[in-house]
Every structure is written in C-alpha cells, then in structure tokens.
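1. Coordinates for the following, if possible.
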Amino acid sequence: MRSIFVVGLLGVLVLAGCKGDADTDAASGDGSVTITGDDAVVPELNWTPPPVVIAEDGEAEALEQARTALAADDLYATPTSAIPLYLALSRLPGSERAARTRLQRAQSRLLALGTQALVEADELDSIAGMRAAHDFAAVARYLAAGDEAVVRYLERVDDSDRLWELNRAAERALQAGELGEAGGGALALFREAAALRPGQPRALQGMAAVESAMIRRAELAADEANYSGASRWLAHATTIRPGFPTVGDAEQRLQRMREAHIRRLRDEGVDALPGINGVVVARERLAQIIGIAEPGDPVVNDLRERIDRTVHYGDFRPGQVFTDALEGGARGPQVVVLPHGGFMMGALPGDRDAEDNESPRHAIRFERGFAMGVREVSVGEFRRFVDATGFQSRAVRRGFSLAYDERTGNFLRRSNVDWRSDYVGRPAGDTMPVLHVSAKDAQAYVDWLSTQSGRRYRLPSEAEFEYAYRNGTAERYPWGEGTPPDGAGNMTGALDRSPGGRAWGNAFPEYEDGYWGPAPVGSFEPNTWGVHDLAGNVSEWMADCWHATYRRAPGDGSAWVNPGCRDQVIRGGSWASSPAQTRTSWRALAQVDTTNARLGFRVVREL
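-> Modelled structure (predicted):
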C-alpha cells in the first residue's frame, strides 16, 4: 500500500502543481529543531471540480477513462481525473447510476489515500503528506460533507492540523531557548502533541531535543563550575523521557568533570602550601571545592586537614617522630610532634599539696604544635656536643657538683663530678640521662643543635612541659590519683631499695620501679603522646625565669622570660622526688648555675 500511495500522492501533487516535500528536520545534535521556510499547511478545504467536457455519445469512453484514472489513483486534479469525470457523468441521463456508484468507490479511495497521507504526515513528519491530506479533505467535503466516514476523516485532519501547529510552536519555542523547565515552553507543547497523537515521532523527537538542550545547559553550567545549576538542569531533563539512559550518561560525564575539577583544585592547594602565602592560596582552593563538592566529599576533609597541619605543624603531623641531620652526618635527638590545643595550667582546686606558686589556674592555648624530645638528653648526646665544640660545663669549670651519698642518704658536694658522672659520681654510660648540667649548659647545647641543624631548638617552656605531661588529662597525676600503675616511670616507690638497703621515707605506696638513681633514658613506656620520663627519672630545666605566681603569665604557652634572670624553673619529678613533687602542676626554682644528680633537661624543636 505504501508504494501505491507514494506514487499516487506524488502524481496528485505534480498534477496539482505542488513544489514537493519540505519535511521538518528532526532534532539536531545541539538540541535544536530546524523549521524550513516551507513549513506551513494550507488550511482551506475548498475544492472546485475542474470543468469536464464529454463528447456526444462519449459516455462510455468517459466511464472507461474515469475507471483507468481511478485505478491509477488520479482522483481529482484534472478534467481527466476520476472524480471530475464521475461528477460530470452523474449529471448525464443514462450514465447517472453507474457514475454515482463508481463515485462512491472514488470517494472511498480518496479517504483511504487521505488516511495514508495523514499517517505520512504524522509519522514521517512530511509536510507534503499534510498538504495532500488537506487536498483530499477538500475534495471529500465537496463530495459528501455530511457522510459519517468523511466527517471522521475531517476530524482527523483537524487533529493533525492541531498536532502540526503544536509541533511548530514547540520548535519555535525551542529555537528561542524557551525550554519549559518551569512550565510552558517547548516541553509543554511537545507533551501536548504527544498526548494528542501518542508515539508521534515529531513530538517525541522534539522532547528528545528539549532533553538534549537541557543537558547542554547543564554542561555549560559545569564548564563555569556551577555544578548545582548543572544538577538542576539534569533534574529537569530527567523528567522528560524516564527510562532513557541519556540523562544518566550525562550525569556520569558531569560527575567526572566535577571530580576532575575538585582534584585539580586540591592539587593546586596542596602544591601551594609550602610556598609564600601558600595557606592563603590553599584556603581559596578549599573554598572553591566546598562550593562545588557534594556534602561529605573526602577531598574537602583531606585538604582542610592538610591546611590545618601546615598552619599548626608545618611539614609534620601530630605523633610524628623524627630527627634532624647535623653537620658531619650525625643526627640530633629524637623528637615527637605534639598536637596543638589548649589546657588549664596550674594546680587543681582543692589540691592539698599545691603551693601558691602553682596558681592562679589559667588557660593556655597552643596555636601551633611543637616537637619535644622523646627522651631526656643523654650523656652520649651531650658528649657529641662537647667533643664538637670543646665546651666546658659549669661543673667542669668549678670542679664539683652535688651527688648522692649512700652512707648518709643525702646529696653532698663531691669533687670531680660533672656531666660525665652518674648520680653517685661514677662514670656514666652514654644511655644515661645527662646530670650535673646547669641551665646555661643546657642552653649552650640547644644553641649548638640549632646551628648544626639549621632548625630552632630550645628548652621547653613550663607550659609546654605541663601540657605534654598531662597529655590530655586534667588530674593531679596523668594516671589520676594515688599510686602510679606498674611501669609508669622511675619514681620514688615505697618498695624501692638502695644498694645499701635504704628505703624512701616519703614515697608512693606499694610502688617499685627497680631503680635507685636514674634509669637509662627511655627505659619506661612513653605517655600517650609518645614522650618518656616526664613523671620521673630526672627533673628538667625549663626556659622560663622564675615567677612566684602565674599572674600576667603568657597565655600562648611561650616561656616567661626576663632578661638576666638568675633563677629558672625546673619541672617534673625525679628518681628522688616525693609524690607531691611528681604532680603535674609542681614547679620549683633553681639558680641558673645549679648542678646536681637529680636535674637534667630535654629539648623542644619548633616546627
């Protein structure tokens, strides 16, 4: 049937003087629909039969000519077409009945061809088919306007006209960029057309074009890093053709774009961090990432943590243990990075052992982390300093220090005791904490470390020491109250015994650590931040000058220093300290030249 229709229809159109098919194109790749200049349908349904002249006694010849024309689907365009001939014959006596019978056949064929023309117009989007359908309609209305079949055909032509106009209006709206994401526009018109004729290709292609245009707008929004806008456009597009993979594919493409953009911004932020104003640049990149990333994106947290680490720790991270290279290939003492943060410094309210110098309790805040010596400075480490510089400590210059006397149980002045000596004055092993050093000796060592490493080493501030000692706790002792747990450190225990059998008169009940005198550095477990022997072994020099209270003390944790001060702070219990002197808030003063068998030091390295 299709081939017969096409031949007949083209024949009709040629005979009628039509110019040919000017079909409206389907959606192009950019989401547009092309409307040709010939895209109009003639709405008039008027037809006037061409004048027919039948020769006298020519009825039979005219009937044969009409039959031949009908067989060829030449129905109405010329005087020799079937319908004009049958109309003329129907008015001649003797031919009227046969002509009218055959005219009914021609009318039926006319409606059949018209129906095929409508199918061609609707399904193939053919304007030539639409025009042919109108021509057939005009002839059918002339022949039998009240006939039921004709009425149904005319109604269908009206529907096709409405469909055509809806599609044309939708295509114009699409070309004008009126997609209809908020209602109306091209989308609403195409949907109305699809509802009028379900499955109509032109309407379906139009909706696909709207979908494509919305996807394109999403891509343009993504190109400008407006991913929320892109998501909104895709959300609109999703409603157009549910079940089609087009929008899902676009979502994946845009998600890859977003992820690549986020990775690029993150890399730029990370690369900038070590440079001048690097934190500022990294924060700008972080803000950009937050603006385009989905909530909970791990890249946001990663870059934020990197920025925080740089701000608070430089190139390091909390808990990191490291050493610095020194000139000549040696390594400095091991240090561990302590977290930045804050705590309340000073004696707890109601502490029965507290002295006035441990108050007032006040807030300390470290805006930047710092690295503290994992262990107290050892004899071997101090020896490398002396060998490299020829430094003479205070005890070496004056020829004595205070050492423990087993016979009396006291600390007595003993000649030829210095940093090379242990707590009783014998030669000390390299793994023992260095004793018999003054505050000035300790300062000379950290100054040398700074020169050798190119990094800033110094003595701890007492705020740093107490912060590290408490390591996140807020008790009198880091372990809480009472006797320390087994292995907590080298402290005075009631079960400890000296080589001569002495016991401590004021000690932790039921505690024993196995040492009378200092233990090798790091012999006991570190605290939760990785620092050994803050509670015991040896007391330690601080960088702070002595102040009788904390009034007007720095709140940033820095050392409280007065030029030329003669007394400095010592902190932390020793192997010979009472339980009260092992508390987290305990502090004491000593002259800067003091040396004895209970006092050493550790270092802090700035980040």
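2. How about residues contacting stretch 317-326?
-> For stretch 317-326, contacts defined as Cβ atoms under 8 Å, 6 or more residues apart in numbering pick out 309, 316, 331-339, 369, 371, 374, 449, 452-455, 529-530, 605. Every residue, glycine included, has its C-beta placed from N, CA and C.
3. Spatially nearest residue to residue 575, not counting backbone neighbours?
-> residue 490 (4.9 Å; Cβ to Cβ, 6 or more residues apart in numbering).
4. what about the one you found, helix or strand, and which?
-> Counting by DSSP states H and E, there is no helix or strand that carries residue 490.
5. likewise residue 533?
-> Counting by DSSP H and E, residue 533 is part of no helix or strand.
6. all helices for the stretch 451-600 of the chain, in order.
-> For the stretch 451-600 of the chain, helices defined by DSSP state H, counting those that start in this stretch occupy the ranges 462-470.
7. where in it is pLDDT low?
-> Along the stretch 451-600 of the chain, segments meeting pLDDT under 70 are nowhere present.
8. Can you tell me what sits against stretch 487-507?
-> Under Cβ under 8 Å, 6+ apart, the answer for stretch 487-507 is 406-407, 409, 479, 484, 508-516, 518-519, 523-525, 533-537, 573, 575-579, 582.
9. Could you rerun that using 7 Å?
-> Here stretch 487-507 makes contact (Cβ atoms under 7 Å, 6 or more residues apart in numbering) with 406, 409, 479, 484, 508-513, 515-516, 518-519, 524-525, 533, 535-537, 573, 575-579, 582.
10. Over to stretch 353-367?
-> Residues contacting stretch 353-367 (Cβ under 7 Å, 6+ apart): 340-347, 463, 467, 548-551, 553, 555-557, 580, 583, 585, 587.
11. thinking again about what came up before, now do the residue nearest to residue 575: how many residues are near it, please.
-> Using other Cβ atoms under 10 Å, residue 490 is surrounded by 27 other residues.
12. How about residue 287?
-> 11.
13. domains of the chain?
-> Split into domains by automatic domain parsing, the chain comes to 2-175, 258-313, 328-377+434-606.
14. looking at those, which is buried most?
-> domain 328-377+434-606 (a mean of 19; mean count of other Cβ atoms under 10 Å).
15. Could you give the average pLDDT over stretch 322-340?
-> Averaged over stretch 322-340, pLDDT sits at 96.
16. Over to stretch 415-429?
-> For stretch 415-429, the per-residue pLDDT averages 98.
17. list the buried ones in it?
-> 417-425, 428 (16 or more other Cβ atoms under 10 Å).
18. Taking these, tell me the two that lie furthest apart.
-> Using Cβ to Cβ, the two most remote members of the buried residues of stretch 415-429 are 419 and 424, lying 14.6 Å apart.
19. for the residue most central in space within the chain, what are its contacts?
-> In the chain, the residue lying closest to the centroid (Cα atoms, centre = their mean) is residue 297, at 3.3 Å. The neighbourhood of residue 297, defined by Cβ under 7 Å, 6+ apart, consists of residue 262.
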